[in-house]
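Engineer: Attaching a predicted model along with its sequence, questions to come.
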Amino acid sequence: MSTIKKFAGQTAIYGISTIASRILNFFLTPIYTKVYPLKVYGIFTEMYSYASILNPLLSFGMETTFFRYLNKKEGQKETIYSNTFMMIAFISAVFLFTILAFVNPIAVWLKDATNTPLVDYVLYVKFFSFMLVIDALSVVPFARLRADGKPGRYSVLKIINILTFISLNLFFIFVIPFVIKNHFPLADFFRSWYQEKWIGYVFISNLIASFLTLILLLPELLKVQLKLDKKLLAEMMLYSLPIFVANLSFIVNENLDKIFLGRLLPNSISQSQVGIYGACGKIAIFLSIFINAFRLGAEPFFFSHAKNENAKQTYATIMNYFVMIITLIFVGIVANIEILKHFIRNESYWVGLDVVPILLFGYVSLGIYMNLSIWYKLSDQTRYGLYISGVGAIITIVLNLIFIPFYGYMASAWVSLTAYTSMMILSYILGQKNYAIPYHLKRNVIYLLSSVIVVWFSYVYFKRDLIIGNILFILFGLIILYTERHQIKKIIANL
């Protein structure tokens, strides 16, 4: 129990910083949806979707590889750290030079039939290319903080990043127009270049925040030793290649639907549909907060705990608590959707609220899959991650191509759920055959099915009634507490 207590403690620290960062960032959603028209917010959603797909290309799965080899090659920490960082730096340099060399053709392709000037898209591409490279260079230093057991410094840097991003957003969106309108000092200077309601200021804010974070990581960057262990690097590359492809497939599952919406629907509605889908999807952020906090704490913990005799039992116990909490969050968000929808200030976006419960259960499946995926990482069978994510990517691509032209963003939501649930089931089946972990399958399935039933009654049958929804939420939570009362008593006794 002390092991789980340690895991819970570190995850809680990551969780606090993640919650703070995501909630602060979430408050930008009502600002964006109020300030920017549907089509402009669609550009925002589409550009960040492309960025999310390119992220794993630059990191090349080296974050997970770093944790694995710290556990596998004890005593070679600095060599592993330096090799990992220099590999990402090399890939990032090649990427940056390639993008800048072809920036105009890329901008033309992205612009398609939109009314946004081509020169703006050229700037967007440049902003994102530098942002992606800077973020990639930060991946391994952040991983080192997690491996060194420094969740406090990790959290502070992440919060500084998001506060910088938010402050700059407010400065560009509200402060500068206020200064110009009231003829304050510097009004003439701002008027000479400021473009009202230009989405590019959001991207500039992100770029500056990322650059500041990289500077603050300088103590970790200075620990990089500029020498390669070619044999070790080759071995690490073989391990990371399937993870890279798996991560890329996962990002495809997460973001390709938004890109397809912009490409497969008529120009008159495509960007609006992307904007609605992207904005309503933001409501699911509260569930993704928990999943991300869990991932940050779980990955280094699982690797460091792998050699313990009771490791598999610990993993099963953690999964049990994970399913309990994630289903509670799922039910709670849906019960309060009538409150949460007001974070989207523009009511024209609310037409897409029906995607929220579907996307939420997709994220539930994704979270469980991420928990399950430890089996192929610990057993050095990372090729299975490639196979599983590949199946998810195929489902995403094929079903979106078939159904988006007929059903728009509702098709995207259902396809996302189908892909993640398929990946979860496939990972469990393959994991039990190759690295069996004694999960509490029956209990976890009951929690999942019960949460779906409660959500159906809350959202569909009782038509999103706030009071009834929360009564169902409380009842669901009380049933879980009663069912797990003996384990909960043990946890409290060991605090």
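Structural biologist: Received it, and whenever you're ready, just let me know what you need. Numbers count the residues shown, from 1 in each chain.
Engineer: Can you name the next helix or strand after the longest helix seen in the chain?
Structural biologist: In the chain, taking DSSP state H as the definition, the longest helix is helix 230-264. Sequence-wise, the next helix or strand downstream of helix 230-264 (DSSP states H and E) is helix 267-281.
Engineer: and the angle for the following helix or strand past that next one with helix 267-281?
Structural biologist: Sequence order places helix 285-305 as the next helix or strand after helix 267-281, per DSSP H and E. Here helix 285-305 points in a direction 60 degrees away from that of helix 267-281 (axes from the mean of the first three to the mean of the last three CA atoms, to 10 degrees).
Engineer: on that earlier part again, helices and strands around the longest helix of the chain, which ones?
Structural biologist: Under the contact criterion of 3 or more CB pairs under 8 Å, 6 or more residues apart in numbering; DSSP states H and E, helix 230-264 touches helix 38-59, helix 62-72, helix 77-101, helix 267-281, helix 383-407, helix 409-434. Where C-beta positions appear, they are placed from N, C-alpha and C, glycine not excepted.
Engineer: Pull out the buried residues from it.
Structural biologist: 232-233, 235-237, 239-262, 264 (16 or more other CB atoms under 10 Å).
Engineer: in the stretch 101-250 of the chain, which spans are strands?
Structural biologist: Using DSSP state E, counting those that start in this stretch, the stretch 101-250 of the chain contains no strands.
Engineer: Helices along that one, start to end?
Structural biologist: 103-111, 118-147, 151-170, 176-181, 187-191, 200-216, 218-221, 230-264 (DSSP state H, counting those that start in this stretch).
Engineer: Show me what the third one is packed against.
Structural biologist: In this structure, helix 151-170 makes packing contacts with helix 2-26, helix 28-35, helix 118-147, helix 200-216, helix 285-305, judged by 3+ CB pairs under 8 Å, 6+ apart.
Engineer: Kindly recompute the last result at 10 Å.
Structural biologist: Contact analysis of helix 151-170 by 3 or more CB pairs under 10 Å, 6 or more residues apart in numbering; DSSP states H and E lists helix 2-26, helix 28-35, helix 118-147, helix 200-216, helix 218-221, helix 285-305 as its packing neighbours.
Engineer: One more: the second one?
Structural biologist: Using 3+ CB pairs under 10 Å, 6+ apart as the contact criterion, the neighbours of helix 118-147 among helices and strands are helix 38-59, helix 62-72, helix 77-101, helix 103-111, helix 151-170, helix 200-216, helix 218-221, helix 285-305.
Engineer: Now do the longest helix of the chain against helix 77-101, angle only.
Structural biologist: Between helix 230-264 and helix 77-101, the angle comes out at 40 degrees (the same axes, to 10 degrees).
Engineer: and helix 230-264, average pLDDT?
Structural biologist: Helix 230-264 shows a mean pLDDT of 80.
Engineer: and if you look at stretch 337-357?
Structural biologist: Averaging pLDDT along stretch 337-357 yields 87.
Engineer: list the contacts for residue 223?
Structural biologist: With contact set as CB atoms under 10 Å, 6 or more residues apart in numbering, residue 223 has these partners: 77-78, 81-82, 85, 141, 144.
Engineer: can you put the helices of the stretch 101-250 of the chain in a markdown table and add distance to residue 461?
Structural biologist: What follows is the helices of the stretch 101-250 of the chain, written out as a markdown table (distance: least, CB to CB, whole Å):
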| stretch | distance to residue 461 |
| --- | --- |
| helix 103-111 | 43 |
| helix 118-147 | 43 |
| helix 151-170 | 38 |
| helix 176-181 | 46 |
| helix 187-191 | 53 |
| helix 200-216 | 39 |
| helix 218-221 | 52 |
| helix 230-264 | 28 |
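Engineer: Which one, of these, ends up nearest to residue 38?
Structural biologist: Distance to residue 38, taken as CB to CB, is lowest for helix 230-264 among these, at 12.2 Å.
Engineer: angle of the closest one against helix 103-111?
Structural biologist: For helix 230-264 against helix 103-111, the angle by the same axes, to 10 degrees is 40 degrees.
Engineer: now helix 230-264 against helix 38-59, angle please.
Structural biologist: Here the directions of helix 230-264 and helix 38-59 differ by 160 degrees (the same axes, to 10 degrees).
Engineer: In the chain, where is pLDDT below threshold?
Structural biologist: Residue ranges of the chain with pLDDT under 70: 1-26, 112-114, 491-495.
Engineer: tell me the contacts of residue 121?
Structural biologist: By CB under 10 Å, 6+ apart, the neighbours of residue 121 are 43, 47, 103-104, 106-112, 114, 200.
Engineer: Out of these, which is nearest to residue 344?
Structural biologist: Each of these was scored against residue 344 by CB to CB, and residue 43 proved nearest at 17.4 Å.
Engineer: what's the neighbour count on that closest one?
Structural biologist: Residues lying near residue 43 (other CB atoms under 10 Å) number 24.
Engineer: got a list of what the nearest residue to it once chain neighbours are set aside touches?
Structural biologist: Once flanking residues are discounted, residue 43 sits nearest to residue 199: 5.7 Å by CB to CB, 6 or more residues apart in numbering. Residues near residue 199 by CB under 10 Å, 6+ apart: 32, 35-36, 40-44, 47, 116, 120, 124.
Engineer: Distance check, residue 199 against residue 44.
Structural biologist: Remark: distance between residue 199 and residue 44 (CB to CB, to the nearest Å) = 5 Å.
Engineer: what touches both of these two?
Structural biologist: Here residue 199 and residue 44 have 32, 36, 124 as joint contacts, going by CB under 10 Å, 6+ apart.
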